[in-house]
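> sequence unavailable; structure follows:
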């Protein structure tokens, strides 16, 4: 029974470590709000949250507001274990929470919706005011994040909040094409989005690997292109309402003219090359494409978009447009001849022609086009919105040419980068050089959950909690960029997200038990918490995989941005800085390194009975080595005794060895190990340097920038 | 970081402890099958499970069989991390698994379906034969439970299985009336049912507290009686197909003439007393009842049952019939007058009249009636099936009177009893005294998940894994009754159930984090694992609750049949018996007691910040006391030094004090503590007794029998 499970302990430790790391500057009054509001001022006193908690609406209210209020109160009940009276309070005077709302603000949320609100809490009551219902909904989330407790019970601190978003388009793309995600996965993610004030669900509904929506006009699309995994139209209608109830728009994407293999299984007549076609199982960029030279294709798309326009009330409709390689076009004599006769110089020009035709169709149905960078072309109508996977420069370029745009480069959450790597990316970075008018065309951004490597079991842990930090980038003032404070608040919001039904945390032990069976998972949990999936596009390089490969191995149980690695990094940084308050943290470091040191036999035993874990034994051996090294380094640092002359080089070489990825994962503690060893090797020089200078010097050793994402 | 989390470690410990507990008798070849097959013979050798694993069907096959095969292979892939070729093998010779099936066996499963199968595995292949598709599905589950692994990889042991169920009706009742359970909850429980070969989902669809199915004929039923929480007819159709695909019948229950408050909200004209009615929020037995004297009621029910008969293809339809207290009937002069004019002596006679009328309606729609004990009456048609909440004697009585019956007394899983309390209850106990013809009328039984105290978050942990042991009672030979071996296998099946999506294990930390926020949950997990919800009907006695009370407190995170308590009980028993191999176990006992001893400050600190945990501080103090006491007892037993003369009485008194329930939970380790203290107090006599005699003597001290359940 004497085993340690790091995994469940990480968030508290981060909170501790981050708090300790905020030395120097006087911190603001601590709160755990994410996104940080535009303006927040804490007062004195508090409003108790007790069994009599009741709300009043002192304005007209609509069903969406009342349903949102009910959800908020039920969440508060579940959090506190208190039972509140049902129904609204008889009067504002009798209410704990008073709501004033200007009006519903439209049947469905739109890009121009007013999401601003103010929240004032004193010892008597909380007052929430907004021009629209969606503004009130945003205020509820802030209110719920403010709840705290102590010996006297639960309470809301006295505070004045004046809040509104920085960008109007704050999205999450979920790719249900490559791996399908059932309705309940989408719904719990909509709940999570609402909690962090995101307002666009971008559903990437069609891909080479799957066509995921029922079409009554062309049933062969979903019947032959989805393996039976698609949303019915009733489910879509339900999802759109569910999202609208939370102030979230649903923007569907039907990716074309490339990425269409799954369409062509049932409708090969749309293709540029002869069929038959099968659902694509591999990952990558493929040649299949619609034939943009034939009128039947536009007739088909006219009917199709007409049908889809009836399902999705949002004004924007995404036509993809990315990664069409033109091969099938250039190989088709009829298409080549069409291009010649229409003076279309190349595939890009032909795609621009296709997009112009699509624009006409979309316009007919009252829709505006959204597409990826590739749709940019002198002939692209100015009503189109460009979603940039290429980057801020490309986005700024669009804005200069008069196009509205949203940024996704830097927010590809499928690539396994750390939260900070996304958090510090700004759609409008300092020095963007745009005029105010141009800058206003940058509407915001979207986190992108591409689905090569996720299943319903793992998608939450790839989206959350990191996307909460991205949501803050889109909502909060540009100046909110304190990484340590972000991590502190993220630990708190992560648990709120879990309470909404998200499983980013709770699925890890489930997946470990799946592998380990009835054997104790504690050592495996230590290993899984110390590794991260490989970054960027490295996954699948060594062991190729398809849509049908089970995603139930160590890499799938591991999560991006290891909390243990963060704890080690903060702990090591503080150790090196030798702040007196670090004494406690060092004990935690010793504990972690001891766990690492002792992990190997347990993992070896597990792998003997669970062959799926055989790939983990080498990692466990290396992690054990890091544990020994860490303890050595700590002893040098603590004693002030310098190590032998060659210790540093041997140690760094061992770390270098351990840094190589295997089983599609990498040890996440490598940067902290490098810092620690470098510091320990120069323990003699330590006293001569000021702590901050020393930290800066040591830290320059590590931190390779992530490569630019590709779509 | 140096904290211990018992909770994730319990199953391995149980496996260890149970294995150690099976001293004496030579154990059979160990397997983890649940339910145990009718006959199983292990051979020598093994069939490797490798990437080339492929199946062939050497008979006609139906879509249900092929879909079941696909699910089984995908589960095997996820378990092993291997990717198998898609599609069937070209021939039996090329297949790892060969399936021979007699035929589909009916469009939907029925009571008479043939579920028998044989499974033969040798080093070359596995051969699965059955007369029907459902038999094949049952065989798949056995096959999956046989998969094992070692250094050479995954494999199936050579084995011959000849299997068929003991009872044809093996059910799980889910009460969606008191707390609604969404479709995904039902589906994952259907998956769990199929895994342990249950074959009836009894959906308790209507209650005083909720009407949970869409009625197009009478939409006010679900619109006004459900708080918006009901199954649409499309969802019901989908569920019925989902169940049938797994060889599971769906038997709907529309409880009447009592338990109908929610119907009367929209249709007060059906009532025996004047309205208006509101959805009932309290728990208990209420007076509301249909008026069985008015023809309009039967006209209504005729239409209603006609509509429902179109949704549920099963021949059986449950009309409830329980707990109608007759108060509204006796208070209504018109009803009294009707009774007098029809020579109906009392409410029971009037209910029998009502049931006769219902029988006619059901017969019209091709349905046979099922009802609770109360429907028994000389006038009850012999086609009716009686579900007994009163017990085996009542069930036997029904059988003697010619009625088929199913047992639910003893299987009320909402009451928090230990797995063994249910496992050892037999629908046909030894000495039942029925003739073979009468005994054949005992069709089986149903576990009952009444829903006063469960939500979608907690229902899985109340159903599983205990219901797997009940499923074994219904399927396996009556002689399979080894409790320790049941627990050993249950640990294994529990993880398989989790892999199907059930959350009985993984929701515990989620619920603890909801209470603790960002604070470490490790100490809270220790406390939660050491307590159990109060048993029987004690919950809500101290703190009254309604349908609207949040179920998110310690009692809801705690689970029935604490694995820690089981581990302690087994460990203490072995310690007392002083088996040499117990040395390892004692270390685990010491570890557990140390954790208990040290728990108090951490829980106190948590409660200071999470007021919902203030109710846990007293429990933590008592658990800490048990830890100290346990360590003392261990030291006496180990050293052979007798304690002071009054130690035993003081210790037992302290245990008695700690045994009292609080916060709707009780410390689950109390019986083991009593055994341990009693043994330690008599350490001097220990050597004089044989170990088995000693264990028996000590064990008689504890174990209060659970009270008989009431409906």
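Yes, it's here. What you see is a predicted model, and the numbers here were worked out from it, not measured in a lab. Residues are numbered from 1 along each chain as shown, chains lettered A, B, ... in the order given.
> double-check that residue A:527 belongs to a strand.
No. Residue A:527: not assigned to a strand; according to DSSP: H, G, I helix; E, B strand; the rest coil it is helix.
> how much space separates it from chain B?
Distance, residue A:527 to chain B, using Cβ to the nearest Cβ, to the nearest Å: 14 Å. Using the backbone N, CA and C atoms, a C-beta is placed for each residue, glycine as well.
> can you pull the contacts of that residue?
By Cβ atoms under 8 Å, 6 or more residues apart in numbering or on different chains, residue A:527 lies in contact with A:554, A:599, A:603, A:616, A:619-620, A:623.
> identify the farthest-apart pair in those.
Distance extremes for the contacts of residue A:527: the farthest pair is A:554 and A:599 at 13.3 Å, using Cβ to Cβ.
> returning to what we had before: in helices, which of the contacts of residue A:527 fall?
A:554, A:603, A:619-620, A:623 (DSSP state H).
> out of the contacts of residue A:527, who's nearest chain B?
Minimum distance to chain B across those is 9.0 Å, recorded for residue A:554 (Cβ to the nearest Cβ).
> confidence score at the closest one?
pLDDT, the model's per-residue confidence, is 98 for residue A:554.
> so where's the stretch 501-650 of chain A uncertain?
In the prediction, the stretch 501-650 of chain A carries residues with pLDDT under 70 at positions A:578-585.
> 50 instead?
A:579-582 (pLDDT under 50).
> up against chain B, what does it have?
A:503, A:505-507, A:509-510, A:513-515, A:517-522, A:525, A:545-546, A:548-550, A:552-553, A:588, A:591-592, A:595, A:607-612 (Cβ under 8 Å from any Cβ of the partner chain).
> what segments of the stretch 451-600 of chain A are strands?
Using DSSP state E, counting those that start in this stretch, the strands of the stretch 451-600 of chain A run over residues A:531-533.
> may I see the PyMOL selection of the buried members of the residues of the stretch 501-650 of chain A next to chain B?
This is how PyMOL selects the buried members of those, with burial counted by 16 or more other Cβ atoms under 10 Å in any protein chain shown:
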select buried, chain A and resi 503+505+506+507+509+510+513+514+515+517+518+519+520+521+522+525+545+549+550+552+553+588+591+592+595+607+608+610+611+612
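> sorry, back to before: next, format the contacts of residue A:527 as TSV and append neighbour count.
TSV is the format used below for the contacts of residue A:527 (neighbours: other Cβ atoms under 10 Å in any protein chain shown):
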residue	neighbour count
A:554	24
A:599	23
A:603	24
A:616	27
A:619	24
A:620	25
A:623	23
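> how close does the residue positioned nearest the centre of chain A get to residue A:248?
By Cα atoms, centre = their mean, chain A has its centre lying nearest to residue A:467, at 3.0 Å. Distance, residue A:467 to residue A:248, by Cβ to Cβ, to the nearest Å: 13 Å.
> shared neighbours of these two, anything?
residue A:198.
> related to what we said a few turns ago, of the ones in helices among the contacts of residue A:527, closest to residue A:448?
Using Cβ to Cβ, the ones in helices among the contacts of residue A:527 come closest to residue A:448 at residue A:554, 24.6 Å.
> and residue A:103, what does it touch?
A:60, A:62, A:131-133.
> out of the residues you listed, grab the one that's most surrounded.
Taking other Cβ atoms under 10 Å in any protein chain shown as the neighbour criterion, residue A:133 ranks highest of those with 28 neighbours.
> quick check: closest non-adjacent residue to it.
Leaving aside its chain neighbours, residue A:133 sits nearest to residue A:65 (4.5 Å; criterion: Cβ to Cβ, 6 or more residues apart in numbering or on different chains).
> what number of residues lie near that neighbour?
Neighbours around residue A:65, by other Cβ under 10 Å: 26.
> same deal with the one 10 residues further on?
Number of residues near residue A:75 (other Cβ under 10 Å) recorded here: 20.
> same check, this time on the one 3 residues further on
Neighbour count of residue A:78, defined by other Cβ under 10 Å: 21.
> what's the pLDDT at it?
Here, the pLDDT recorded for residue A:78 equals 97.
> so it sits right up against residue B:549, yeah?
No. Applying Cβ atoms under 8 Å, one finds residue A:78 not in contact with residue B:549, separated by 10.5 Å.
> pLDDT below threshold where in the stretch 1-150 of chain A?
For the stretch 1-150 of chain A, the ranges with pLDDT under 50 are A:1-28.
> mind running it again at 70?
In the stretch 1-150 of chain A, residues with pLDDT under 70: A:1-29.
> helices of that one, start to end?
A:10-21, A:63-80, A:133-146 (DSSP state H, counting those that start in this stretch).
> could you do the stretch 451-600 of chain A as well?
A:459-463, A:466-475, A:483-499, A:507-516, A:522-530, A:554-557, A:563-577, A:583-597, A:600-609.
> and of these, who's closest to residue B:276?
Closest among these, once you apply Cβ to Cβ, is helix A:483-499, at 36.4 Å.
> list the buried residues in the closest one.
Quick answer for helix A:483-499 (16+ other Cβ under 10 Å): A:484-499.
> just flag the most distant two among the residues you listed.
A:484 and A:499 (24.4 Å).
> what's the closest non-adjacent residue to the closest residue to chain B within the stretch 201-350 of chain A?
Residue nearest to chain B within the stretch 201-350 of chain A: residue A:234 (7.0 Å; Cβ to the nearest Cβ). Leaving aside its chain neighbours, residue A:234 sits nearest to residue B:234 (7.0 Å; criterion: Cβ to Cβ, 6+ apart).
> all strands for the stretch 1-150 of chain A, in order.
A:39-49, A:55-57, A:97-101, A:117-121, A:126-130, A:148-150.
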